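**Q** next come a sequence and a model predicted from it.
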Amino acid sequence: MSKRTDSAVDCMQYLEQRLIEQSNENCVDEQKIHDLLYLSLKEGYAIFEEPILEGSFVSQKTGPYCVELNAMSIQRKKLFPITLRMSRQTILVLNSILEQYGHCSHEQLMRIICRDEAWQSARKNSNETFFGVIDSELLRTDSRKVSVIRSLWKMDHNFYADPSSMAIHLN
């Protein structure tokens, strides 16, 4: 199943919008969004055997960091309205990740991420001046540990209070 990958910026904005809606707060921890993007990429590999977003990650001390978002700082304000053009598969994976991990703190997410071989390898190759690149092939290997059955079940039960809100995001 070959599909296009979606922009990391679009995925970041989608996650931020959904987290703001869920928490009724005006901002979201930037590192938590990077953590969720990393987990989304891994789950996308598990389900579709290819990346769902265009993004490479490095291992900072604080956690995984999507390089493509480096030039864009997350604004500490609501980003509405956002009209993104993302594939249905990406939306479903992002919603599944939000359902599974959206309530978690960055520290809780790091306890999950630090078990990954891709993360551990990148941390070994990091120092004070250089962030280790998270190897996409190791991330693909780590994705085999994701329960595809659980993921597909979560994706199948995604729902939207307003069905038209999902239509904005789909191609």
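**A** Cool, got the structure.
**Q** mind listing what's buried in the strand or helix carrying E99?
**A** Element membership for E99 (DSSP states H and E) is helix 88-101. When burial is assessed from 16 or more other C-beta atoms under 10 Å, helix 88-101 yields the following buried residues: Q89, T90, I91, L92, V93, L94, N95, S96, I97, L98, Q100, Y101. Placement of C-beta: from N, CA and C, glycine included.
**Q** swap in stretch 48-59?
**A** Going through stretch 48-59 with 16+ other C-beta under 10 Å, the ones that come out buried are F48, P51, I52, L53, E54, G55, F57, V58, S59.
**Q** any idea how far E16 is from V28?
**A** As defined by C-beta to C-beta, to the nearest Å, V28 lies at a distance of 5 Å from E16.
**Q** same check on T141?
**A** Taking C-beta to C-beta as the measure, T141 falls 29 Å from E16.
**Q** look at the two and report which has more neighbours.
**A** Under the neighbour definition other C-beta atoms under 10 Å, T141 and E16 were set side by side, and E16 has more, 21 against 14.
**Q** which SS class is that one?
**A** Using DSSP: H, G, I helix; E, B strand; the rest coil, the structure places E16 in helix.
**Q** can you pull out the helices in this protein?
**A** Listed in chain order, the helices of the chain (DSSP state H) span 8-23, 30-48, 88-101, 106-113, 117-124, 136-143, 148-156, 163-167.
**Q** what comes up buried for the fourth one?
**A** By neighbour count with 16+ other C-beta under 10 Å, helix 106-113 contains the buried residues H106, L109, M110, I112, I113.
**Q** likewise the longest one?
**A** For helix 30-48, the neighbour count (16+ other C-beta under 10 Å) marks 30-48 as buried.
**Q** A122 touches I134, doesn't it?
**A** Yes. In this structure A122 lies within contact range of I134 using C-beta atoms under 8 Å: 4.5 Å.
**Q** overlap in contacts, these two.
**A** With contacts defined as C-beta atoms under 8 Å, 6 or more residues apart in numbering, the residues adjacent to both A122 and I134 are F57, V58, S59.
**Q** pretty sure the last one sits against G132.
**A** Yes. With contact defined as C-beta under 8 Å, S59 counts as touching G132 (4.7 Å).
**Q** picking that back up, closest to D10 out of the shared contacts of A122 and I134?
**A** The shortest approach to D10 among the shared contacts of A122 and I134 belongs to F57, at 16.6 Å (C-beta to C-beta).
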